[in-house]
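Trainee: take this sequence and fold it.
(one chain, ligands or ions: 1)
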Amino acid sequence: MKKATSKRVRITDTTLRDAHQSLWATRMRTDDILQIAEAIDNAGYYSLECWGGATFDVCMRFLRENPWERLRQIKSVCKKTPLQMLLRGQNILGYKHYPDDIVERFVALACENGMDIFRVFDALNDPRNLEKAIASVKKYGGHAQGTISYTTSPVHTVEAYVKLAKEQEAMGIDSLAIKDMAGILTPGAARELVGALAKALPDMPIQVHSHMTSGMAAAMYLAAVEAGAGCVDCAISTMSSFSSQPPCESMVTILESEGYDTGLDQKKLAEINAYFRDLKAKRQPASTAKVEPVDAGVLVHAIPGGMISNLRSQLAQQGALDRLPEVLEELPKTRADMGYPPLVTPTSQIVGVQSVLNVLGGKRYGMVTDETKHYAAGYYGRTPAPIEKKLQKKLIGDLKPITCRPADLLKPGLAAAAKEIPAKLIKAEEDILSYCLFPEVALGYFKWRAQPADAKDPIPADVEMQKKAEETVPAAVDPETAKFAQIGKAFAALMATVGGGKLDLSAVKLDESALAPLPETGAGSDKSVASPKAADTKAAEGTPVLAPLNGTFYRSAGPGKPELAKDGGAVKSGEPVCIVEAMKLFNPIKATAAGTITFLVEHGKPVTKGQTLAVIA
Ligand code: CO
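Mentor: This is a model prediction of the structure:
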């Protein structure tokens, strides 16, 4: 079977990060990892992807583990194989930009605790969102792997990708990854792209990362390797396929059959696989067990499978599932309008929700989410193609567009964050970083940790597994999926009013119970849209300001922010005077006339569509 010639190709094992994030909602525990870590370390992988992505959040939120401790423990066993992590550039592991001091300190501590290879990526491929993270990795002695987030569009040409790779080369990256998160890279396109990159950057090691979602990844890996890629990402077979990586064992044999030597031994791989086969029964959440092996739809429309299922459940929630074809037709148009962003968190959410609003709202961009506004104003980074000026103006409203590196607008945040945590809850500096990334989740974990050993609240993941046994409630939700689903719920509540239909509150509530609260936005998103009050009957003369949808009424844009308009003060027609929040969507409500405004609703109270919020005399 083996060819006589032997060229070296390495394999990165993703079993301990992407694979269980893709298949088990990231529920693998540190103890699970430690029992097999030595065998994995001895197998001969290029590196072990075992940290970053969603693992950090899930460790604290669901497993009640310290993610830093997980890193140290893996490092204490895995001494031969470099450890690898996925780092979302300036977003670190979260969903927003963090100040530079937090990015640098996070990377420094990760290096100190044993991280070797940092795969740094940005959803928009904006090099300005990568530069601080890459510079920090270099500064603290790590291996900086640059990344191309792969997508297809008229502006995502091979030349554009080569240019992007060269920009990252100039930042000092040690290797380059092609990140095909949606599994849409074809063997032909991989051959062309890797070939061009290998020619333009002859000394740059190229690694390819994909998902088996569309069923193409193993064939694509072979084409990429033939064109010059030196490393591919795989998972042990039990943890592979579906929306995870291609199976390592199969890839080894495929590569050997073409004369490549991976240095991996099938016997050792079989032992590792047996361990995960047993673990599967214990750790795979029920909700992720019924996934189709291949999502062939991706081959037709190139929309990631996770996105489609989210769109489907959103539409189903308000009885508009029949409009899915329209949404699927609208989505590429919205994406084109928005400058062809790759569809990966957070752009997948922004484009997805906006597309649905465009279809069900009856008018394209008649309703624009806050996220779309900020995206269109440049706060996420530079869009791959510019957004047409007139449309941009319409999208951003009164927001000021920016052209600088988004993180340049952020003040240092580490010292301020440290002061926010009760001193008795902090054990080490790493806790401050955990708090910076996921404030609510980290505090919840710190408090749990501080409970006496014999009186700790149950571990949320254990509670889930009990529920799985009872098979009553859908189990684990991946934080990234949950974030999308939360926006989806907000949108469902919104559409129920926009469409003139009745808001099915019981459905919204039920769904909520299955969802995890979210990082950053989670705390603020818990307010229920339930218990709509009867419209305020307080009589008042003047032009009414009406609630456009069911939600929560606010006088200011957030805690500590000034009121948008003074009660009894003068307002100009068209200026925002209050806010109605439907779950995660913040909808500024504008003055309908000029004059003196009198508010009829208290800050923080639920309101219903059509309710008079204020009058302007
Ligand atoms: Co991935």
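
Trainee: please parse the protein into its domains.
Mentor: 298-408, 543-616 (automatic domain parsing).

Trainee: next one: the longest one to chain centre, how far?
Mentor: Which is domain 298-408. 15 Å (C-alpha atoms, centre = their mean, to the nearest Å).

Trainee: compute the first-to-last residue distance for that domain.
Mentor: 37 Å (C-alpha to C-alpha, to the nearest Å).

Trainee: verify the contact between residue 94 and residue 88 for me.
Mentor: Yes. Between residue 94 and residue 88 there is a contact under C-beta atoms under 8 Å: 7.3 Å. In short, each C-beta sits where N, CA and C put it, glycine included.

Trainee: neighbour-wise, which of these two wins?
Mentor: residue 88 (25 against 20; other C-beta atoms under 10 Å).

Trainee: ok, the more buried one touching residue 119?
Mentor: No. Applying C-beta under 8 Å, one finds residue 88 not in contact with residue 119, separated by 9.8 Å.

Trainee: what helix or strand does residue 355 sit in?
Mentor: Using DSSP states H and E, residue 355 sits within helix 347-360.

Trainee: that helix - contacts with which helices or strands?
Mentor: Other helices and strands packing on helix 347-360, by 3 or more C-beta pairs under 8 Å, 6 or more residues apart in numbering; DSSP states H and E, are helix 305-317, helix 324-337, helix 370-376, helix 479-498.

Trainee: residue ranges in the stretch 251-400 of the chain under the pLDDT threshold?
Mentor: Scanning the stretch 251-400 of the chain for pLDDT under 70 picks out the ranges 290, 305, 314, 317-318.

Trainee: let me redo that: the chain
Mentor: Checking the chain against pLDDT under 70 turns up 1-5, 290, 305, 314, 317-318, 471-540, 549-550, 559, 582-586, 609.

Trainee: recalculate using a threshold of 50.
Mentor: For the chain, residues meeting the criterion pLDDT under 50 lie at 1, 472-477, 484-486, 488, 490-539, 583-584.

Trainee: does the spatially most central residue of the chain count as helix, strand or coil?
Mentor: Central residue of the chain (C-alpha atoms, centre = their mean): residue 345, 3.7 Å from the mean position. What DSSP: H, G, I helix; E, B strand; the rest coil gives for residue 345 is coil.

Trainee: next one: phi and psi at the closest residue to residue 27 other than its chain neighbours?
Mentor: Among residues not flanking residue 27 along the chain, residue 283 sits closest, at 5.3 Å (C-beta to C-beta, 6 or more residues apart in numbering). Phi and psi for residue 283, reported as degrees, to the nearest 10, are phi -110, psi -20.

Trainee: just checking, residue 283 touches residue 24?
Mentor: Yes. Applying C-beta under 8 Å as the test, residue 283 and residue 24 come out as touching, 5.4 Å apart.

Trainee: who has more neighbours, these two?
Mentor: Remark: of residue 283 and residue 24, residue 24 carries more neighbours, 22 against 19, as counted by other C-beta under 10 Å.

Trainee: contacts only, for the more buried one.
Mentor: Contact analysis of residue 24 by C-beta atoms under 8 Å, 6 or more residues apart in numbering lists 283, 284, 285, 288, 476.

Trainee: and if you look at residue 14?
Mentor: Contacts of residue 14 by C-beta under 8 Å, 6+ apart are 49, 209, 233, 234, 235, 244, 245.

Trainee: at 6 Å what do you get?
Mentor: 49, 233, 235, 245 (C-beta atoms under 6 Å, 6 or more residues apart in numbering).

Trainee: shouldn't the second one be within a helix?
Mentor: No. With three-state DSSP as the criterion, residue 233 is strand rather than part of a helix.

Trainee: ranges for the helices of the stretch 101-250 of the chain?
Mentor: 131-139, 158-170, 187-200, 217-226, 248-257 (DSSP state H, counting those that start in this stretch).

Trainee: other SSEs contacting the last one?
Mentor: Pointing back at helix 248-257 there. Helices and strands touching helix 248-257, as assessed by 3 or more C-beta pairs under 6 Å, 6 or more residues apart in numbering; DSSP states H and E, are absent.
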